[in-house]
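Trainee: Here is my input; please provide its structure:
(chains A and B)
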2 protein chains.
Amino acid sequence: MSLRPSLLLLALGLACPPLLADAQTPYKSAQEILKASPDADWRTLDPANTLYMELPAGRVIIELAPRFAPAHVGNIRTLAHEGYWNGLGIYRSQDNFVVQFGDSSEDENQRKSIGSAQKKLPAEFERDAGGLKFDALPDSDGWAPEAGFVDGFPAARDPQTGKTWLAHCYGTLGAGRDTAPDSSNGTELYVVTGQAPRQLDRNITVVGRVVQGMELLSVIPRGPEPMGFYDKLGQATPITAIHLASDVAEAERTPLQVLRTDSRTFSAATEARRNRRDGWYVHPAGHIDLCNVPLPVRPAKAG
Amino acid sequence: MSLRPSLLLLALGLACPPLLADAQTPYKSAQEILKASPDADWRTLDPANTLYMELPAGRVIIELAPRFAPAHVGNIRTLAHEGYWNGLGIYRSQDNFVVQFGDSSEDENQRKSIGSAQKKLPAEFERDAGGLKFDALPDSDGWAPEAGFVDGFPAARDPQTGKTWLAHCYGTLGAGRDTAPDSSNGTELYVVTGQAPRQLDRNITVVGRVVQGMELLSVIPRGPEPMGFYDKLGQATPITAIHLASDVAEAERTPLQVLRTDSRTFSAATEARRNRRDGWYVHPAGHIDLCNVPLPVRPAKAG
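Mentor: Below you'll find the predicted structure:
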């Protein structure tokens, strides 16, 4: 039996057919715009830059951000290649904040060997904006002078300091650290599952973001201890493996394309969300926040 | 075995002891400020204005907003009093958006009777700001000219139109509608479980918010159909009952207090989050978004 009622009250309007709000500028929804997009507006994820996190519930796909966190991404590639996370777990789930995974051993001597990965990494909180294309949003941002996208990642920029950094949005992957800024080694990673915690921007190293499978992480039961830790080891969600996609046989990969944030399709779809004129909305917002902009993903075509 | 490691990399800094950032203005964390708060800065939830949603996993507690949606709240009180939702279910869970509950019958003739509730309600998207105390945040908001709190609810205001409205933040409860603005009757309700969908502000009637138990709603498995609907009735999460707290025997109530948003404690705790100087943060944000401000809740003291 279908649970998708055709009639009343159920869809918050998202199922309504688009209507013409204005005879001169027929409105197209973001979905219609995406459907009509040229292939050139999409890019295929690089397997050398993609992680597959294999959970009992399925595969979570992560894109790494080597231009923002080269040292961390290098270590994470090594750790994945050597199977560091295989058999470890997601040991923290804090409601409206993050899930976190890696090695939860309290005793440093009991921690799993990091193999040939670097023990010590620099903090990679921000970088020089020079040489990076910044696809700026016209919308104001309370957290930074400029908000937009770099390499398809939600990012911010400060023209005064000449710095740019990745933003903490839903799905952002970062490297947990202790008090010292350079105390992360890339083994303990978190994914944002709640309202964008932008206060973390420039305070911790962002290493990538989830592009598919967030719904497998977001439903993980919240831990009862402070900050969402579990009180028993058995409550952790086991990680079957984390592999670099390039280490996985081609037949077992999940080839994905991501919409280019410097494409006309992306600008048009974002504008369609900024000012929704589909007949349901009474007050189009006239604004969109950086972390409300979805980054469309689709299966890569064969060949 | 404890899974809360004492050493490295695990806490994103949230467990670090507060340090003095400045000898002249010793920093206090939001938690310390809350701990030292006078009782007068808290208000006890009114049982006539509180819903208990009883799920197999536990109780979700909701505060209603009668000054913003008097007609909807009136209907919801009647529906709860007459047991409308008892035995119905949460039939939609869309990742990074909402859960939705009520009667999912496709056929209008099969829908559960709404008893003595009103069949038709007015749209209650915004109201005159006059007569309402607006506890404004000093922070900019991309979605509205002013952001702050009214009656403890996250809200926005437009001095030009003289209107105020409730904001869609994590935990906001609203009344689903069809294309016509006045097509909601309060039976089909949604709770925001994702990044604040502020584009819905002033486009749909907000009726309240979850004050406790969000972690029971946020982990509900996402539905596989478009917009998070389930394809089978059996996948819905059953609702044991939704009661008005005032209809529940006093011994079975969960008395809660909420921090007053016009209190000095609230202002100080918000400032402590806006500019975190606890030794972990390298770049205090200098800003907080409306939907990043938590609304502290505590058990009401006996007597």
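Trainee: contacting residues for A:Pro154?
Mentor: By Cβ atoms under 8 Å, 6 or more residues apart in numbering or on different chains, the contact list for A:Pro154 reads A:147-148, A:166-167, A:169, A:172, A:209, A:290-291, A:293, A:295. C-betas here are computed from N, CA, C, even on glycine.
Trainee: So it lies in a helix, does it not?
Mentor: No. Assigned with DSSP: H, G, I helix; E, B strand; the rest coil, A:Pro154 falls outside any helix and is strand.
Trainee: ok, which stretches of the stretch 101-250 of chain A are helices?
Mentor: Applying DSSP state H, counting those that start in this stretch to the stretch 101-250 of chain A gives helices spanning A:214-217.
Trainee: related to what we said a few turns ago, quick one: which of the contacts of A:Pro154 is most hemmed in?
Mentor: A:Leu166 (30 neighbours; other Cβ atoms under 10 Å in any protein chain shown).
Trainee: what's the neighbour count on the closest residue to it other than its chain neighbours?
Mentor: Spatial nearest neighbour of A:Leu166, chain neighbours left out: A:Val206 (3.8 Å); criterion: Cβ to Cβ, 6 or more residues apart in numbering or on different chains. A:Val206 has 28 neighbours, counted by other Cβ under 10 Å.
Trainee: A:Val206 contacts A:Ala69, correct?
Mentor: Yes. Using Cβ atoms under 8 Å, A:Val206 is in contact with A:Ala69, at 6.6 Å.
Trainee: what pairs with the residue nearest to A:Leu166 across the strands?
Mentor: A:Gly174 (DSSP bridges).
Trainee: again with A:Ala241
Mentor: Bridge pairing for A:Ala241 - DSSP bridges - gives A:Glu54.
Trainee: Contacts only, for it.
Mentor: A:52-54, A:83, A:85-86.
Trainee: can you rerun that using 10 Å?
Mentor: A:52-55, A:80, A:83-88, A:247-248 (Cβ atoms under 10 Å, 6 or more residues apart in numbering or on different chains).
Trainee: farthest pair in the residues you listed?
Mentor: A:Leu88 and A:Val248 (18.6 Å; Cβ to Cβ).
Trainee: Comparing the two, which residue is more hemmed in?
Mentor: Between A:Leu88 and A:Val248, counted using other Cβ under 10 Å, A:Leu88 has the larger neighbour count: 20 against 16.
Trainee: Break chain A down into its domains, please.
Mentor: Per automatic domain parsing, the domain ranges recorded for chain A read A:30-42+A:258-298, A:48-106+A:117-255.
Trainee: Could you single out the most deeply buried of these?
Mentor: domain A:48-106+A:117-255 (a mean of 20; mean count of other Cβ atoms under 10 Å in any protein chain shown).
Trainee: gap between the two ends of that domain?
Mentor: Length of domain A:48-106+A:117-255, first residue to last, Cα to Cα, to the nearest Å: 12 Å.
Trainee: do stretch A:184-191 as well
Mentor: Stretch A:184-191: ends 15 Å apart by Cα to Cα.
Trainee: Quick one: mean pLDDT over it.
Mentor: Stretch A:184-191 carries an average pLDDT of 98.
Trainee: how about stretch A:185-204, does it reach chain B?
Mentor: Yes. Using Cβ under 10 Å from any Cβ of the partner chain, we find that stretch A:185-204 touches chain B at A:185-190, A:192-204.
Trainee: Now do that stretch: distance from first to last residue.
Mentor: 12 Å.
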